[in-house]
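>>> task: produce atomic coordinates for the following.
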Amino acid sequence: MAKGKGKVAKPPRGAQRRADKTSDTSEYDGYEPEPFLYDEEEKILASLVFLGSAALYICTMYPGLPGGDSGELMATAKDFGVSHPPGYPLFTTMAAIMINLFPIGTCAWKLNLMSSTIAGLTNMMMFINVKRFSGSDAAGVLAAGWCGFSRVFWMWSIQGEVFSLSNLFIMVIMYAAWRFANAEGRSGKFYEAKLGALICGLSLTNQHTSVLYIAPTALWVLFTLYKYDLADMHSLFQVGLRGLAGLSPYLQLPISSFFFNARVSWGDHRLFSDFKKHLLREDFGTFRLVGSSEQSTFWDNFMVYFNDSKSELSIVVWILFVAGVLIALTLGSSKQREVMLIHMAMFGTYHLVFDSLANIKNPSGIYHGVLERFWLQPSLALCCVAGCGVGMIFQFLKEKANCPALKYLFLSLAVIAIGYQIQHNYEDCHENDNYFFWHFSRHILDQLPKRSILLTSGDFSTNTFRYHTIGEEYRTDVMVMDMQFMQAYWFYIMLMPINFPDVSFPGLYKPGKESKYPFYNLKKFLDENFDKYPIYMCLEVPKAEDSIEGYYEAWPFGMCKVFVRVSDNRDPLEHVTSMPWINLEKYPLPDLDRYEPQTWEYTMAMSMLETYSKPATWLWNRANSMTDQALKKKYYETAMNMMVENRKHVFDMVEKGLVTKNVVYYISPLEKNLGHLSLILYSVTKREDPEMAAHWTAQCKKYWTNYVEWHRDTVITKDSMWNTLNSIIKMDDFSSLQLVA
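Reported below is the predicted structural model:
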């Protein structure tokens with residue numbers, strides 16, 4: 001045979017690519033996309049997972065307003081406004097459609113229903129992901145139920161928040177990665193790459209942390225496209241175009257600013273600079289959780305996650321996670337190894353970036369709650385990989401035993417495990433009777449006179465009022481003003497003309513004593529509006545705002561403060577005896593035996609309890625600075641009587657079952673203050689009235705003994721005063737008690 005005979009000359013690489021492009025990728029010749037569900041059995045199981053979990057979520061969801069950002073999200077959606085950075089335009093659009101078109105229920109109920117339904121879809125996608133990878137129905141059901149009914153997932157699935165939709169997108173991205181890995185040929189890879197780009201773009205319009213899943217996936221897809229000669233500009237442009245199409249919901253921001261007069265909205269997005277600032281969360285810092293300069297380390301945050309996941313999901317999930325990785329990488333097919341590696345890259349990238357940037361140091365209380373909701377996304381990958389490990393073990397056992405019926409045994413075991421998970425977390429997660437935030441804001445709004453200004457600061461109080469005045473159109477005469485918004489120029493352009501056309505704003509609000517034009521402080525704002533409107537503050541005047549000292553005072557008024565002009569010489573005693581009180585019968589407080597410190601319910605209850613005794617402690621503090629001894633004694637006695645009445649009222653509520661059985665949370669601070677005030681009254685009366693002084697001595701011992709006993713066997717932190725009093729009371733040494741005071 002002559003040299004070179006029989007060989008076919010290869011076309012140039014670029015020519016081959018162009019030829020393939022026209023014949024293969026344009027029309028997807030010979031490629032049939034994988035069906036979403038394979039057969040009737042899989043359709044039935046997927047439907048049962050969705051319907052069963054969605055039904056349980058709906059039965060346990062909040063009937064009204066939840067805490068946190070929900071009130072703001074609901075209020076902005078009603079008017080198609082812009083939510084806090086980065087805007088959540090996809091959620092806002094879906095919520096606006098739900099609120100304005102769904103025929104029954106309040107705004108809160110509708111969005112809680114939407115989130116619960118989306119969470120059911122997330123569980124279904126978990127089932128499909130695990131079933132696709134391992135081939136095991138039982139493992140898919142187990143992973144979906146165990147993860148979906150863990151406490152944190154369950155709690156964030158039953159309230160109108162962005163996290164249910166974010167979780168769904170994570171599961172869909174993982175499913176798209178499986179489809180891409182299993183797509184055959186250039187046309188298949190190209191088709192799935194474009195579909196995946198659209199999904200990834202959409203996910204970024206809900207929550208930006210999705211990018212930590214998308215980034216490693218995109219690199220893998222680009223590398224694969226390169227191997228299949230699909231990395232040319234034409235192909236990448238088409239993939240990128242789908243990604244941009246997915247980002248199109250972000251048009252909601254400028255559309256809202258141009259065409260909708262939203263009563264609550266962040267920013268003026270007619271300007272590109274504002275749009276970019278909002279998109280990148282520049283006020284907070286991208287991937288930063290709070291506007292703080294504090295910084296925690298990667299290891300600190302990862303250990304918080306590890307300990308939380310052990311508590312919520314159990315250490316067994318971590319063991320199965322490791323098993324799933326090892327089994328897939330050593331015994332799995334090439335496709336399983338490829339998908340497992342990308343799942344691990346998603347999980348690792350999320351932790352590497354987020355844990356390094358999240359700036360909540362030593363999280364506790366509500367800040368722990370803020371952090372734990374961002375553990376939802378990595379926990380989805382954790383449970384998915386663990387489920388894949390279980391599935392591969394199930395499949396191995398079924399093949400070794402050569403008994404197809406084992407699948408039904410495994411399914412039964414999965415259902416039993418899910419039943420245990422539901423039973424274990426139901427008590428913490430059923431919120432179908434939770435009206436606490438609804439009560440909180442209604443109680444305050446009902447106390448305010450008509451045409452009042454209510455200044456607010458912080459998400460907790462501000463968002464509940466936003467929801468009621470906009471979402472339910474209740475007490476629309478009360479002008480709720482967010483002092484954070486008042487520091488932004490767009491407040492005066494976008495919101496002031498709609499909400500507060502008759503209120504005087506002498507510039508741009510800036511807390512502090514100095515207020516040169518174009519800025520104003522709280523004193524100037526009160527000067528301009530005090531004679532036109534009654535002005536209140538909920539809950540406390542910001543610490544940075546000291547401009548009112550000597551000119552105005554914030555006096556207690558129910559759950560709020562009312563601003564009083566110092567020169568008006570109003571009588572504090574008359575004020576506290578005529579002011580409204582917290583009605584625990586009409587507006588009961590959350591059970592602090594049930595709600596942990598990281599919940600908004602706990603935060604609200606503690607704020608209300610602190611406020612409950614504020615009028616008495618306010619009088620007490622005023623008395624401390626008085627020189628008129630007779631008036632000072634009168635103030636102390638009035639404060640004492642108010643605290644005793646508070647104590648009696650709380651015990652009455654305990655007997656009626658309207659407050660928690662563990663009354664230490666409510667009574668203990670009162671007992672401590674009553675003992676201290678009794679000692680002060682002893683000091684005031686010991687010379688003039690020895691008999692009354694002896695009475696106050698006995699009262700002091702009684703209250704402080706109660707305080708010590710209430711704390712003895714509780715989880716409440718025992719401070720240094722408790723330890724001191726405990727020792728002194730044991731010795732029955734009243735002279736030492738005086739030294740404590």
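
>>> going forward, measure contacts between C-alpha atoms and count neighbours the same way
Noted.

>>> quick check: closest non-adjacent residue to M642.
Spatial nearest neighbour of M642, chain neighbours left out: A616 (6.0 Å); criterion: CA to CA, 6 or more residues apart in numbering.

>>> nope, L411 is what I meant
A138 is the one closest to L411 (CA to CA, 6+ apart), at 4.4 Å.

>>> test my guess that that neighbour contacts I418.
No - applying CA atoms under 8 Å as the test, A138 and I418 come out as separate, 11.2 Å apart.

>>> of these two, who's got more company?
A138 (27 against 22; other CA atoms under 10 Å).

>>> who touches that one in this structure?
With contact set as CA atoms under 8 Å, 6 or more residues apart in numbering, A138 has these partners: 391, 407-408, 410-412, 414.

>>> as a markdown table, those residues with neighbour count, secondary structure and distance to N583 would be great.
Converted to a markdown table, the contacts of A138 look like this (neighbours: other CA atoms under 10 Å; DSSP: H, G, I helix; E, B strand; the rest coil; distance: CA to CA, whole Å):
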| residue | neighbour count | secondary structure | distance to N583 |
| --- | --- | --- | --- |
| G391 | 27 | helix | 55 |
| K407 | 18 | helix | 57 |
| Y408 | 12 | helix | 55 |
| F410 | 20 | helix | 53 |
| L411 | 18 | helix | 51 |
| S412 | 14 | helix | 50 |
| A414 | 22 | helix | 47 |
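
>>> okay, K10: pLDDT?
At K10, the model reports a pLDDT of 42.

>>> meant to ask about R270, not that
According to the prediction, R270 has pLDDT 92.

>>> that one: what secondary structure?
Following DSSP: H, G, I helix; E, B strand; the rest coil, the label given to R270 is coil.

>>> just the mean pLDDT for stretch 474-486, thanks.
Stretch 474-486 shows a mean pLDDT of 93 in the predicted model.

>>> picking up where we left off before, can you tell me the helix or strand for the residue nearest to M642?
helix 614-624 (DSSP states H and E).

>>> and the angle from the helix or strand following that helix to helix 614-624?
Per DSSP H and E, the first helix or strand lying C-terminal to helix 614-624 is helix 629-655. Angle of helix 629-655 versus helix 614-624, following axes from the mean of the first three to the mean of the last three CA atoms, to 10 degrees, is 160 degrees.

>>> avg pLDDT for helix 629-655?
85.

>>> tell me where the stretch 401-550 of the chain has helices.
Using DSSP state H, counting those that start in this stretch, the helices of the stretch 401-550 of the chain run over 406-429, 436-447, 459-466, 489-490, 496-499, 522-529.

>>> oh, I was asking about the stretch 101-250 of the chain
Taking DSSP H, counting those that start in this stretch as the criterion, the stretch 101-250 of the chain carries its helices at 107-134, 137-148, 151-157, 163-182, 185-204, 211-227, 233-246.

>>> possible to save those as a markdown table with mean pLDDT and distance to V316?
Listed next are the helices of the stretch 101-250 of the chain as a markdown table, based on pLDDT from 0 to 100; distance: least, CA to CA, whole Å:
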| stretch | mean pLDDT | distance to V316 |
| --- | --- | --- |
| helix 107-134 | 96 | 17 |
| helix 137-148 | 95 | 12 |
| helix 151-157 | 94 | 16 |
| helix 163-182 | 96 | 22 |
| helix 185-204 | 94 | 30 |
| helix 211-227 | 95 | 24 |
| helix 233-246 | 95 | 37 |
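
>>> still on that earlier bit, which residues does the helix holding A616 contact?
Contacts for helix 614-624 (CA under 8 Å, 6+ apart): 556, 572-573, 576, 631-633, 635-636, 638-640, 642-643.

>>> what subset of the residues you listed is buried?
Those of the contacts of helix 614-624 that meet the buried threshold are 556, 572, 576, 632-633, 635-636, 638-640, 642-643, by 16 or more other CA atoms under 10 Å.

>>> any weak-confidence spans in the stretch 451-600 of the chain?
Along the stretch 451-600 of the chain, the model assigns pLDDT under 70 to residues 584-585.

>>> of the buried ones among the contacts of helix 614-624, which is the nearest to T217?
Lowest distance from T217 to the buried ones among the contacts of helix 614-624 (CA to CA) belongs to P556, with 55.5 Å.

>>> give the helix, strand or coil label for that closest one.
Assignment for P556 (three-state DSSP): strand.

>>> buried residues, stretch 581-597. List them.
581-582, 587-592, 595-597.

>>> quick check: the farthest pair among the residues you listed?
The widest separation within these (CA to CA) is 26.2 Å, between W581 and E596.

>>> rewinding a little: which of the helices of the stretch 401-550 of the chain sits most buried?
helix 459-466 (a mean of 23; mean count of other CA atoms under 10 Å).

>>> now do it against helix 436-447, angle only.
70 degrees.

>>> S547 reaches F525, doesn't it?
No - counting by CA under 8 Å, S547 stays clear of F525, with 10.5 Å between them.

>>> neighbours around the closest residue to H430 other than its chain neighbours, how many?
Once flanking residues are discounted, H430 sits nearest to T60: 4.5 Å by CA to CA, 6+ apart. T60: 22 surrounding residues under other CA under 10 Å.

>>> isn't T60 up against C429?
Yes - if you go by CA under 8 Å, T60 and C429 touch, sitting 7.0 Å apart.

>>> just for the stretch 251-400 of the chain, where's the confidence low?
Counting by pLDDT under 70, the stretch 251-400 of the chain has low-confidence residues at 285-295, 362, 364.

>>> and the residue nearest to G196 when sequence neighbours are not counted, how far from E338?
Among residues not flanking G196 along the chain, A176 sits closest, at 5.7 Å (CA to CA, 6+ apart). According to CA to CA, to the nearest Å, A176 and E338 sit 13 Å apart.

>>> of these two, who's got more company?
A176 (21 against 18).

>>> circling back: need the helices of the stretch 101-250 of the chain in CSV (columns: distance to M94).
Output for the helices of the stretch 101-250 of the chain, formatted as CSV (distance: least, CA to CA, whole Å):
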stretch, distance to M94
helix 107-134, 9
helix 137-148, 22
helix 151-157, 16
helix 163-182, 10
helix 185-204, 13
helix 211-227, 21
helix 233-246, 15
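
>>> E655 is nearest to which of these?
helix 151-157 (29.9 Å).

>>> got a list of contacts for the closest one?
57, 61, 115-116, 119, 147-148, 163-164, 312, 372-373, 376, 425, 428-429.

>>> just give me the closest of those to E399.
C147 (27.1 Å).

>>> give me the number of residues near that closest one?
26.

>>> so what's it closest to, chain neighbours aside?
C383 (6.4 Å).
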